[in-house]
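> here is my input; please provide its structure:
(one chain, ligands or ions: 2)
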Amino acid sequence: MTGNNKQPGEVKMSGEIATTIQTIATTPFNDQKPGTSGLRKRVPAFQQAHYLENFVQAIFDSISPPPGATLVVGGDGRYYNREAIQIILKMAAANGFGRVLVGQGGILSTPAASCVIRKYATYGGIILSASHNPGGPDGDFGIKYNTANGGPAPEKITEAIFELSKTISQYRLIDAPDVALDATGDYLIGNMIVSVIDPVADYAELMESLFDFGAIRALLAGGFRIKFDAMHAVNGPYARDIFINRLGAPEDSIMNCVPLPDFGNGHPDPNLTYAHELVEILYGENAPDFGAASDGDGDRNMILGKGFFVTPSDSLAILTANAKLTPGYSAGLAGVARSMPTSAAADRVAKELGIPCYETPTGWKFFGNLMDAGKVTLCGEESFGTGSSHIREKDGLWAVLFWLNIVAVRKQSVETITREHWAHYGRNVYSRHDFEAIPTEAANGVMKHLKDSFATLPGQKLGSYTVDVCDDFSYTDPVDGSISTGQGIRIIFTDGSRIVFRLSGTGTEGATLRIYLEAYDPVIANHHLDAQVALAELIGIAGQLSELVARTGREQPTVIT
Ligand code: VG1
Ligand code: CO
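Ligands and ions are numbered 1, 2, ... in the order given. Prediction:
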């Protein structure tokens, strides 16, 4: 772990040697409850005096690291990333850490942070990101703790952090100058070494160990054209290294690959709405053969073919069905897991492969135990998240490389691979409708109204659908027995079609209501239908059951994916 711009063993001093530990008195904030993926707030909230410090001290107090432990710190480069990292380094030094590994420039994608935590067997890591939420001075910021397995802290840890944040009275930091983060190398602050590392190399090597880079290189050299959109977010340098340097793709294969603190004023969420620049290219004249995008922190992915969109739920199923075509998964899969609102397309593949399929609550933290116990290899969420046990986070570029490896072996287009999949397994027609920034009371009212109708719904005939069961999803972790309740309302019809209602745990303004719609269609002749057309009746039923318009005034979703 030495930098490349210095002699091994040389440790640069950060200004004067300063080891004074300061204890700062503080008072609690009462809103530091981590959501689906860490604590997310508007930037000005994080800029309040003591706000970040309180939360970081609550993390350190709840994990009580042994003296000299190593921590990983990095973020997606959004506004306030650098300032936050300097604060965290000074606090880590005062809280007894012996070393912190930081990505150069403060950059580490979420999957790269998970990779580094695992590769160097560190005690844990702090990732600074609000993921797919917009950034900038008025945008969002976020912070999350990952444990030694490289994955998001499970609920029992995030709950302990929240409890401590409600009673905190002081935090510790050392009095030292800022650490230069722009050159790799080792620096000393207090008694702690800060190792500024190349943020890309370890991750890119891991990707090369899983996929057939030779086959992908040959595919690209043969004229197969790709376009990857990093959306001005963290994956830019990763995409450049992997696609251009390692796979020999031409320069115009990547776009928006310089990370910007405000993501170029964009919304770094890879879906048909926010990644419209890429979508227009893939649906335009002379379109490339393959398109992909990732989000703010690099853990999400969207996969496009020429004029064709692959839903994330289908993507998980297709990767599962074709995993053996790649070197990293040639031995087959232990099992697959999906979040509850994700379509059951992967379940059908798992059944045919004779491997288990698990259904978990929303959020990657619920996959960690299953992967640690060797019960599953692939995991996915409908929210453009796919990943595997190579790390403990979802992984945007991994999914893109997985697809390219499959295309290189099958020598078929993305559309053909998907249509052949549907022809074999049937199509789980799927869509999610998001209603953002609804007044919290109105959103809670919708959820309560739905729960109140549980008693009368089963057996009711609604158009061509009959309600079979409905519930508020709860999950018992098969590894440690922990129980998570209130994870989303499911209305399941007798033919297996579903409507799911859930409130987002990552939004920062009012409430976001997500309505997930799924209908199974085995008839190949219907497979060309647009999802909104095929789901029209279910969409109507969802509106009727939830009394959405009357309760929220919303006629149309903010985003459809
Ligand atoms: C959303 C997604 C969820 C995902 C989470 C974090 O959560 O629905 O599937 O795990 O974001 O993704 P919610 O609670 O808003 O529905 V990331 O890439 O934003 O860290
Ligand atoms: Co993300």
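> rest of the way, CA atoms for contacts and neighbours
OK.
> next one, pLDDT for the residue nearest the centre of the chain please.
In the chain, the residue lying closest to the centroid (Cα atoms, centre = their mean) is D299, at 4.4 Å. According to the prediction, D299 has pLDDT 97.
> for the remainder of this discussion, apply numbering that starts at 601.
Sure, I'll start counting at 601 from here, so that last one is D899.
> confirm for me that it is in contact with A999.
No. Between D899 and A999 there is no contact under Cα atoms under 8 Å: 9.3 Å.
> still on that earlier bit, quick check: the gap between the residue nearest to the centre of the chain and K1051.
To K1051, D899 is 33 Å away according to Cα to Cα, to the nearest Å.
> report the separation between the residue nearest to the centre of the chain and ligand 1.
6 Å (Cα to the nearest ligand atom, to the nearest Å).
> with K1061 instead?
29 Å.
> can you check H990 too?
Taken as Cα to the nearest ligand atom, the span from H990 to ligand 1 is 17 Å.
> how about L1004?
Applying Cα to the nearest ligand atom, the value for L1004 to ligand 1 is 21 Å.
> same check on E759?
16 Å.
> can you list contacts of the host helix or strand of that residue?
Using DSSP states H and E, E759 falls within helix 755-765. Counting by Cα atoms under 8 Å, 6 or more residues apart in numbering, helix 755-765 makes contact with 628-630, 632-634, 638, 654-655, 658-659, 661-663, 965, all of which sit outside it.
> in that helix, what's buried?
Neighbour counts using 16 or more other Cα atoms under 10 Å place E755, I757, T758, A760, I761, F762, E763, L764, S765 of helix 755-765 among the buried residues.
> between those, which sits nearest ligand 1?
Nearest to ligand 1 among these: E755, at 13.6 Å, using Cα to the nearest ligand atom.
> now do the contacts for P737.
Applying Cα under 8 Å, 6+ apart to P737 gives the contacts V643, P644, Y679, D862.
> narrow those residues to those that are buried.
Buried among these (16+ other Cα under 10 Å): V643, Y679, D862.
> make a ChimeraX selection of the buried ones in the contacts of helix 755-765.
Written as a ChimeraX command, the selection of buried residues from the contacts of helix 755-765, which uses 16+ other Cα under 10 Å, is:
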select :628,632,633,634,638,654,655,658,659,661,662,663,965
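> now, which of the contacts of helix 755-765 sits nearest ligand 2?
G638 (11.1 Å; Cα to the ion).
> right, and the closest one touches F741 too?
No. Between G638 and F741 there is no contact under Cα under 8 Å: 10.3 Å.
> circling back: from the buried residues of helix 755-765, which has minimum pLDDT?
Scoring those by pLDDT puts E755 last, at 87.
> leaving out the residues flanking it, which one is nearest to I903?
Nearest residue to I903, sequence neighbours excluded (Cα to Cα, 6 or more residues apart in numbering): A892, at 4.8 Å.
> and ligand 1, is stretch 873-888 touching that?
No. Against ligand 1, stretch 873-888 shows no contacts by Cα under 6 Å from any ligand atom, the least distance being 13.8 Å.
> how far does that stretch stretch from one end to the other?
19 Å.
> what's that stretch in contact with?
824-827, 829, 831, 866-869, 872, 889-893, 904-908, 1159-1161.
> whichever of those end up buried, select them in PyMOL.
To isolate the buried subset of the contacts of stretch 873-888 in PyMOL, counting by 16+ other Cα under 10 Å, use the following:
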select buried, resi 824+825+826+827+829+831+866+867+868+869+872+889+890+891+892+893+904+905+906+907+908+1160+1161
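> among the contacts of stretch 873-888, name the ones in strands.
I826, K827, D829, F890, G891, A892, A893, L904, G905, F908, V1159, I1160 (DSSP state E).
> show me what the third one is bridged to.
Think D829. M855, A893 (DSSP bridges).
> so it is in contact with G898, correct?
No. Contact criterion Cα under 8 Å: D829 and G898 do not qualify, at 11.0 Å.
> residue in this structure nearest to ligand 2?
S731 (3.8 Å).
> give me the number of residues near that residue?
Neighbour count for S731, taken as other Cα atoms under 10 Å: 30.
> H867 is in contact with that one, correct?
No. Assessed by Cα under 8 Å, S731 is found out of contact with H867, at 10.0 Å.
> which residues belonging to stretch 709-727 are considered buried?
709-718, 722-727.
> biggest separation within the residues you listed, which pair?
Greatest spatial distance among the buried residues of stretch 709-727 (Cα to Cα): S709 and Y723, at 18.3 Å.
> ligand 1 contacts on the stretch 601-750 of the chain?
T636, S637, S731, H732.
> which one of those sits in the busiest neighbourhood?
Scoring those on neighbours with other Cα under 10 Å, the highest-scoring entry is S731 at 30 neighbours.
> doesn't that residue lie inside a strand?
No. Counting by DSSP: H, G, I helix; E, B strand; the rest coil, S731 falls outside a strand, being coil.
> ok, it - contacts?
Going by Cα under 8 Å, 6+ apart, S731 touches D676, G742, P868, D895, G896, D897, G898.
> pull the number of nearby residues for D1077.
16.
> quick check: closest non-adjacent residue to it.
I1083 (6.4 Å).
> domain map for the chain?
Structural domains assigned to the chain are 613-799, 803-1025, 1027-1160, following automatic domain parsing.
> any idea which element the residue nearest to K1061 when sequence neighbours are not counted lies in?
Distance criterion Cα to Cα, 6+ apart; nearest residue to K1061, sequence neighbours excluded, is V1067 at 6.5 Å. Using DSSP H and E, the element containing V1067 is strand 1065-1072.
> what is the rounded mean pLDDT of the next helix or strand after that strand?
Of the helices and strands lying after strand 1065-1072 in sequence (DSSP H and E), the nearest is strand 1075-1076. Mean pLDDT, computed over strand 1075-1076, is 96.
> pull the residues that contact strand 1075-1076.
Contacts for strand 1075-1076 (Cα under 8 Å, 6+ apart): T960, P961, S1082, I1083, S1084, T1085.
> repeat that with 6 Å
Strand 1075-1076 is contacted from outside by S1082, I1083, S1084, using Cα atoms under 6 Å, 6 or more residues apart in numbering.
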